[in-house]
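In: structure here, sequence nowhere to be found:
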């Protein structure tokens, strides 16, 4: 007898599991058989109150123990020595994975726990019993593989013929014959078509979301799980839903299978979807059923979405046109290394100035920036080219934009009208249901009345939204607006220069006409413009001056100051140059302080220094040489005995050397004049101005 007193001293654990909730609900006989094993444990000697039933894993697959809380609890109890016997209807109930099954066998052998199934009782410590249990585990895992392979084979066979019935995205349904067709609900069709039309207009999924939200429009969604499965709900558009619609080939009328592969992720062990190349799909049939767009249009949309990925691969593709003033954002190529150039903006007082920078190597390898080009110069040159040379093409593009705006407004108005009609139908349906109910059935009547009130509120909201859009003029464009757009379209230069034209729309016009622009900065800026029609233009512009060069004092002003310093002071020079009409580098009128600053910056010798170079003496020097006081020197200058020249704006003079014999004889004690402070050389601080 394999059951000993040591086994009976511990508890018995009955593990119950079925793979899906559908099996739990429908295959009740299997559940009864599993619970019946409890009687086997009682027959072997275990009291009923010491038999623990673990049935928390109902509806869980046995392929892995990671998500089975009940199985983990069973392994824990066995490992702690609490279990004398483990009961399961068959090995597949405990585990369909050899690693999980053999781990349980190892723990049972270490703790001396028995295993019982429908066929018999086994002791994992016994070699023959353990060999048989291992064989049963292998057969259980193989059985799971065979079941999956059989089901998978049927799916693949149907998929390769294009006959597999798979869930369809919103906007497509199966007809009674099992063929995929467009949803007969006109409102759903219009909503899906609006997504593709807005993507053509805006060029990005984000632009579609913004446009739909601006119009107050909603998108349909079919609930896939839960008690309301299959119900259509209308919700605000989300970026993820827009991308799902744009990426799904079903909307282009194509049948596909195997677009994603589910492989375990290293570390977590969980499988996640991974997009595979089209040539690796199991099945792909273009033009399989009606679609909302052609397959060529779908391919163009995918290319546009890939280009919108700003850091797609190693080449920075241009994204959709944005709000910044950089006219060539995303279409500029470096003429040195061939990589895409990015945009930087610099704040200049009340405006942003763009700069095109080639920094791919710097980001990737830490190398210096390849080149940088001032954007305003290039943008102005390309804009001038478009206005002068591409007027016919620009008119066509502008007319297309005008027609697009009108069509978008009409479509938005139709969608809002359909929303009101749908809300009215739901309200009428709820009203009929409420009136048809038996008044005595108060519970049902109350619920139907609440539904009716909710539909009336939805109807009022949809109607109010429609009226507000009409009042605000966000609906169909009137004749005056159409005429204005048409007149602007026929005059492309006026449209281009119009201050009301947003930078974003101006960029869209450029992208309709220009493929790319290659920039090279050397002694001059060279821009090679490639047009969509294949034409090429080369534009050459001078490199813009640096800010210090722009603010630099004109050379002719510096030369004039140098010449006038021979005979004039700073104040006199400022007056003379102002009279001649000269200005500083900042465009200011010249002042003595600005003249002084320019003189120092260009290291020009001051007027006193130049007089000193001619041998003239300062007040102190001539007083010392003549042996007289400072006031006497000034007195003699006034009487004409000494000749002096004005040296600076302080009224100080420099004097020519005195003639011989002019010295005054000293009487009494020698006169020692107070030594004055040495005359300052012109080192005053600048008073504004720029060099």
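Out: Structure's in. What do you need? All figures in this text were calculated on a predicted structure; none of them were measured in a lab. Numbering: from 1, shown residues only.

In: drop to CA atoms for contacts and neighbour counts, all remaining ones
Out: Noted.

In: ignoring the adjacent residues along the chain, who's closest to residue 60?
Out: Spatial nearest neighbour of residue 60, excluding adjacent residues (C-alpha to C-alpha, 6 or more residues apart in numbering): residue 19 at 4.9 Å.

In: hang on, that neighbour packs against residue 56?
Out: No. When contacts are counted by C-alpha atoms under 8 Å, residue 19 is not listed as touching residue 56 (12.0 Å).

In: which residue, other than its chain neighbours, is closest to residue 53?
Out: Nearest one to residue 53, counting by C-alpha to C-alpha, 6+ apart, is residue 14 at 4.7 Å.

In: wait, a strand at the one you found?
Out: Yes. Applying DSSP: H, G, I helix; E, B strand; the rest coil, one finds residue 14 inside a strand.

In: what confidence value was assigned to it?
Out: What the model reports as pLDDT for residue 14 is 93.

In: now for it, how many residues are close by?
Out: Using other C-alpha atoms under 10 Å, residue 14 has 22 neighbouring residues.

In: do residue 559 as well
Out: Neighbourhood size, residue 559 [other C-alpha under 10 Å]: 10.

In: helices or strands up against the helix or strand harbouring it?
Out: Assigned by DSSP states H and E, residue 559 falls within helix 555-564. In terms of contacts (3 or more C-alpha pairs under 8 Å, 6 or more residues apart in numbering; DSSP states H and E), helix 555-564 is packed against helix 570-580, helix 592-601.

In: tilt between that helix and helix 592-601?
Out: Angle of helix 555-564 versus helix 592-601, following axes from the mean of the first three to the mean of the last three C-alpha atoms, to 10 degrees, is 90 degrees.

In: list the contacts of stretch 511-527.
Out: With C-alpha atoms under 8 Å, 6 or more residues apart in numbering as the test, stretch 511-527 has contacts from 328, 331-336, 371-373, 378, 393-394, 397, 528-533, 538-543.

In: next, the buried residues of it.
Out: Going by neighbour count (16 or more other C-alpha atoms under 10 Å), the buried part of stretch 511-527 is 511, 513-521, 525-527.

In: which ones among those residues map onto helices?
Out: The members of the buried residues of stretch 511-527 that map onto helices under DSSP state H are 511, 513.

In: show me the shaky parts of this protein.
Out: Along the chain, segments meeting pLDDT under 70 span 1, 264-272, 309-323, 364-366, 389-407, 409, 470-498, 533-534, 545-550, 661-691.

In: so which residues of the stretch 551-691 of the chain form helices?
Out: Under the criterion DSSP state H, counting those that start in this stretch, helices of the stretch 551-691 of the chain are mapped to 555-564, 570-580, 592-601, 607-613, 619-626, 630-639.

In: ok so, going back, distance of the residue nearest to residue 53 from residue 126?
Out: 22 Å (C-alpha to C-alpha, to the nearest Å).

In: ditto for residue 380
Out: The gap separating residue 380 from residue 126 is 90 Å, by C-alpha to C-alpha.

In: same check, this time on residue 86
Out: In this view, residue 86 and residue 126 are 16 Å apart by C-alpha to C-alpha.

In: rewinding a little: so can I have JSON lines of the buried residues of stretch 511-527 showing distance to residue 660?
Out: Below are the buried residues of stretch 511-527 laid out as JSON lines (distance: C-alpha to C-alpha, whole Å):
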{"residue": "511", "distance to residue 660": "88"}
{"residue": "513", "distance to residue 660": "89"}
{"residue": "514", "distance to residue 660": "86"}
{"residue": "515", "distance to residue 660": "88"}
{"residue": "516", "distance to residue 660": "85"}
{"residue": "517", "distance to residue 660": "81"}
{"residue": "518", "distance to residue 660": "79"}
{"residue": "519", "distance to residue 660": "76"}
{"residue": "520", "distance to residue 660": "73"}
{"residue": "521", "distance to residue 660": "69"}
{"residue": "525", "distance to residue 660": "69"}
{"residue": "526", "distance to residue 660": "73"}
{"residue": "527", "distance to residue 660": "76"}
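
In: nice, that's everything, thank you.
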